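> sequence below, structure please.
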Amino acid sequence: MEKFDYKKLGFKCGIEIHQQLEGRKLFCNCPTVIRRDKPDFTIRRELRATAGETGEIDRAASHEQKKQKYFLYQGYEDTTCMVEADEEPPRQINMDALRAVLQVAKMLNAKVVGQIQVMRKTVIDGSNTSGFQRTALVATDGCVEVNGKKIAVPTICLEEEACQIIDRNLECDIYNLSRLGIPLIEIATDASISDPVECREVAAEIGMILRSTGNCKRGIGSIRQDVNLSIKGGARVEVKGFQELKAIPKVIDNEINRQLAIIKQGNKMEEEVRKAEEDLTTTYLRPMPGADRMYPETDIRPIVPDMKGIGDVKLIKTKVIELSEKVGIHDELAIQIIKNNINIDYYINKFPNIEPKFMVNTLINTPKEISARFEMDGSALKPADFEEALGYLNSGKISKEAVIEILVEKLQGRKIDLAKYAGVSDRELEQEIRKIVAEKKGLSTGAYMGIVMQKFRGKVDGKKVSEILKKLA
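Numbers count the residues shown, from 1 in each chain. I've put the predicted structure just below:
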């Protein structure tokens, strides 16, 4: 990656985070389930730009209207309704979603506004059936701290998610309504981010804060980052479509290179919105929206926010540190325990004779090992399967090495025969190891270990085998 003197370049950068919330949609009771299966119906629409609060038509909206496209919307009888189709006024705002945003505002030390007014933001690229997106400012003047530096968070908003694009062609765009209306938290920083790596770290910190609430959707597309940046002599550009945090620094540097080339040629840059591509370059989308696109939503009453019941939330990074110290595992394993919502205290209390570190490794890594070694779907294991295998180990009926063998048998649907895993005495084990070493002279300790463990599959403790091999060596 090319390195720049970002301060000398006059680099300015801010980031917007958009996070989907679980539950029901923001202005109706439809579920937040995103679908791609065959729709029950299709609606055709054409959209046109309208004047915003300033009385002017927004330039980005005007740009979209010139394409003269029509739009097709796919819907479902059981998971989309007349609100998504824009055939019925929106219902009052989802209060669970609002409380989730208030929780985030508190965690970012932001000031909650005295009255929440839902606004209409003109969008006529077809991603909203109504021709606008509903959004509400919830809090201002927050901050996030990264590496001892405070980055200001001027605004925290609650808005509705747009439709999911299915296909585009010269005449029309096809969208799916199932994503439209999912509650979306929008967090915007100021332009004080000093370099691309810091931008990535700010995004990671805000993402961690959002996940700590337990209210966020998970998976690809559930969180998106838009980066706003500029350099001296250039113009502000918004880069949309980041899916992976690791791509942020390279995309920013590539965009800087593009702008430097334009400036060197003596050409004037225009403010614009660009898309982050898979090859980490950016491509033109549309002009930068202006102040001409917002006007009040008259179908929804203003809301006076109530912070009662909005308590403190323990951050994921704090939970990771506590779990790592408690169980004696590295941070990555602790993250996986938290990410998979595993109650490790339950296992520790239920199986007191098993080392907690071994239980964590079994729950997180053993399914992956089964998938790799046995070409089976380790993720298909159920909590009851783990509890059964760990129960045998806790009562002394099997060795640690037998746990994976039993889990494989559970996946195969076999009845567990504990007699197969009856332990071998230390004397018998040592005699057999001496015999193997005598017959296969000159092998490495690891090779002898593999032979012994294969012979006594699931019946002996690997640590005991290692101790005997060291003694014989």
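
> contacts and neighbour counts: CA atoms only from here.
OK.

> what comes up buried for stretch 400-412?
400-408, 410-411 (16 or more other C-alpha atoms under 10 Å).

> and that stretch, how far out from the chain's middle?
32 Å (C-alpha atoms, centre = their mean, to the nearest Å).

> same thing with stretch 157-176?
Here stretch 157-176 is found 21 Å from its chain centre; the criterion is C-alpha atoms, centre = their mean.

> now pLDDT, secondary structure and distance to residue 323 too, for the buried residues of stretch 400-412, in CSV please.
Shown next, in CSV, are these (pLDDT from 0 to 100; DSSP: H, G, I helix; E, B strand; the rest coil; distance: C-alpha to C-alpha, whole Å):
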residue, pLDDT, secondary structure, distance to residue 323
400, 85, coil, 22
401, 81, helix, 25
402, 86, helix, 26
403, 92, helix, 23
404, 91, helix, 24
405, 89, helix, 28
406, 91, helix, 27
407, 95, helix, 25
408, 93, helix, 28
410, 93, helix, 29
411, 94, helix, 29
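
> so which of those residues is the closest to residue 77?
Using C-alpha to C-alpha, residue 411 is the member of the buried residues of stretch 400-412 that sits closest to residue 77, with 37.3 Å.

> contacting residues for that closest one?
Contacts for residue 411 were tallied using C-alpha atoms under 8 Å, 6 or more residues apart in numbering; they are 376, 378, 380-381.

> at 10 Å what do you get?
370, 376-382, 385 (C-alpha atoms under 10 Å, 6 or more residues apart in numbering).

> now swap in residue 412 and tell me
Counting by C-alpha under 10 Å, 6+ apart, residue 412 makes contact with 376, 406.

> and it, how far from residue 405?
Distance, residue 412 to residue 405, using C-alpha to C-alpha, to the nearest Å: 11 Å.

> so residue 106 sits against residue 213, correct?
No: using C-alpha atoms under 10 Å, residue 106 is not in contact with residue 213; the gap is 11.1 Å.

> the strand ranked longest in the chain packs against which elements?
The residue-count maximum for a strand in the chain (DSSP state E) belongs to strand 132-146. Counting by 3 or more C-alpha pairs under 10 Å, 6 or more residues apart in numbering; DSSP states H and E, the packing neighbours recorded for strand 132-146 are helix 95-107, strand 111-112, strand 118-122, strand 149-160, strand 183-188, helix 196-212, strand 294-296.

> out of the ones you listed, nearest to residue 321?
Nearest to residue 321, of the helices and strands packed on strand 132-146 and by C-alpha to C-alpha, is helix 196-212 at 13.8 Å.

> and that closest one, which residues are buried?
By 16+ other C-alpha under 10 Å, the buried positions in helix 196-212 come out as 196-203, 206-207, 209-212.

> about what we covered before: so which of the contacts of residue 411 comes closest to residue 240?
Checking these one by one against residue 240 (C-alpha to C-alpha), the nearest turns out to be residue 379, at 33.4 Å.

> count of residues packed around that closest one?
13 (other C-alpha atoms under 10 Å).

> could you do the one 4 residues further on as well?
For residue 383, the tally of surrounding residues (other C-alpha under 10 Å) stands at 10.

> go on, residue 359?
19.

> what's the answer for the one 3 residues further on, then?
Under the neighbour criterion other C-alpha under 10 Å, residue 362 is assigned a count of 20.

> when you give positions from now on, start the count at 16
Got it, first residue is 16 now, which makes that one residue 377.

> quickly find the element holding it.
Taking DSSP states H and E as the criterion, residue 377 maps to helix 371-379.

> export that helix to PDB, keeping only CA atoms.
The C-alpha coordinates for helix 371-379 follow below in PDB (Å, rounded to 0.1, in the frame of the first residue of the first chain):
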ATOM      1  CA  PRO A 371     -12.800 -24.600  31.200                       C
ATOM      2  CA  LYS A 372     -10.200 -24.000  28.500                       C
ATOM      3  CA  PHE A 373     -10.900 -27.500  27.100                       C
ATOM      4  CA  MET A 374     -14.600 -26.900  27.000                       C
ATOM      5  CA  VAL A 375     -14.200 -23.600  25.200                       C
ATOM      6  CA  ASN A 376     -11.900 -25.300  22.600                       C
ATOM      7  CA  THR A 377     -14.400 -28.100  22.200                       C
ATOM      8  CA  LEU A 378     -17.400 -25.800  21.600                       C
ATOM      9  CA  ILE A 379     -15.600 -23.500  19.200                       C
END
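
> chain center to it, what's the gap?
24 Å.

> residues contacting it, please?
339, 341-345, 348-349, 351-352, 355, 357, 359-360, 362-364, 366, 380-384, 394, 396, 398, 401-402, 404-405, 415, 418-419, 422.

> if you set the cut-off to 8 Å instead, what comes out?
Residues from elsewhere that reach helix 371-379 (C-alpha under 8 Å, 6+ apart): 342-344, 348, 351-352, 359, 362-363, 401, 405.

> what's the answer for stretch 285-297, then?
For stretch 285-297, contacts defined as C-alpha under 8 Å, 6+ apart pick out 250-257, 262, 265-266, 269-270, 298-303.

> if we can go back for a sec, just the helices and strands packed on strand 147-161: most buried one?
With neighbours taken as mean count of other C-alpha atoms under 10 Å, these reach their highest mean count in strand 198-203, at a mean of 27.

> so which other helices or strands are in contact with that strand?
Secondary-structure packing of strand 198-203 (3 or more C-alpha pairs under 8 Å, 6 or more residues apart in numbering; DSSP states H and E): strand 27-35, strand 164-175.

> can you check what angle separates it from helix 110-122?
20 degrees (axes from the mean of the first three to the mean of the last three C-alpha atoms, to 10 degrees).

> quick one: strand 198-203 to strand 164-175, angle?
Angle of strand 198-203 versus strand 164-175, following the same axes, to 10 degrees, is 150 degrees.

> what's the angle from strand 198-203 to strand 27-35?
Using the same axes, to 10 degrees: strand 198-203 against strand 27-35 is 170 degrees.

> could you check the angle helix 211-227 makes with strand 198-203?
150 degrees.

> what pairs with strand 198-203, and is each one parallel or antiparallel?
Using DSSP bridges, the strands paired with strand 198-203 are strand 27-35 (antiparallel), strand 164-175 (antiparallel).

> dump the C-alpha coordinates for it into PDB.
This file holds the C-alpha atoms of strand 198-203, laid out as PDB (Å, rounded to 0.1, in the frame of the first residue of the first chain):
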ATOM      1  CA  PRO A 198     -34.800  -0.100  11.400                       C
ATOM      2  CA  LEU A 199     -31.400   1.400  10.700                       C
ATOM      3  CA  ILE A 200     -29.000   3.300  13.000                       C
ATOM      4  CA  GLU A 201     -27.000   5.900  11.300                       C
ATOM      5  CA  ILE A 202     -23.900   7.200  13.100                       C
ATOM      6  CA  ALA A 203     -21.800   9.900  11.500                       C
END
